[in-house]
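>>> Can you look at this prediction? I've put the sequence above it.
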Amino acid sequence: MNAETVAFVLALAFAAQTVVVCVVLLRLVPVLGEVNELIAELRDVMRKVDVLTRNLESASEGVQHVEERVRGVVSRILDEIEPPVRRIAGLAAGVRVTVGSLLRRRPITGGNGLPPPNVTERGVVR
């Protein structure tokens, strides 16, 4: 091979590479345009997600505030109701014990000193 042939082959190889690069770039340019469009759409979606996240955060804060207020109101209501209910429950227990004690001491009689015919010795109705 002489120098002219080598130079021709090298020039031909360079031209082929240039053609390949041009073809790749021509195919890549539309893809890059689509990628840019997708990136723009993604930015819009990210803005919407950011707004949605901020709205959810503020709504969450509102719910937490309402929860704290409801918890406080319920606590105050229970604080007001619990002591009287405990007193009434204690009073009812005392009445129950007292009545039970009185019923155990006195037998139920039918007026003649004998238990009525439908009541047992323990005071249970038959």
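On my side now, so go ahead.
>>> only C-alpha atoms for contact and neighbour calcs from this point on.
Will do.
>>> what about His65, distance to Asp50?
23 Å (CA to CA, to the nearest Å).
>>> Same check on Ala13?
From Ala13 to Asp50 the distance is 53 Å (CA to CA).
>>> Could you list the low-confidence segments of this structure?
Filtered on pLDDT under 70, the chain yields the residue ranges 105-126.
>>> Please enumerate the strands of this protein.
Remark: no strands are assigned in the chain by DSSP state E.
>>> so where do the helices sit in it?
All helices of the chain, identified by DSSP state H, fall at 3-105.
>>> what's the residue closest to the geometric middle of it?
Relative to the mean C-alpha position of the chain, the nearest C-alpha, by CA atoms, centre = their mean, is the one of Ser60, at 11.0 Å.
>>> what residues are up against it?
Counting by CA atoms under 8 Å, 6 or more residues apart in numbering, Ser60 touches no other residue.
>>> at 10 Å instead, please
Counting by CA atoms under 10 Å, 6 or more residues apart in numbering, Ser60 touches Arg54, Val66.
>>> With Val23 instead?
Counting by CA under 10 Å, 6+ apart, Val23 has contacts Gln17.
>>> Distance-wise, check it relative to Ala16.
In terms of CA to CA, Val23 sits 11 Å off from Ala16.
>>> what do you get for Leu38?
Where Ala16 is concerned, Leu38 sits at a distance of 33 Å (CA to CA).
>>> Glu37 now?
32 Å.
>>> again with Leu10
With CA to CA as the criterion, Leu10 and Ala16 are 10 Å apart.
>>> Show me the common contact partners of these two, please.
By CA under 10 Å, 6+ apart, no residue touches both Leu10 and Ala16.
>>> Enumerate every residue touching Ala92.
So Ala92 contacts Arg86, Thr98 (CA under 10 Å, 6+ apart).
>>> Correction: the previous question concerned Gly94.
Contacts of Gly94 (CA under 10 Å, 6+ apart): Ile88, Gly100.
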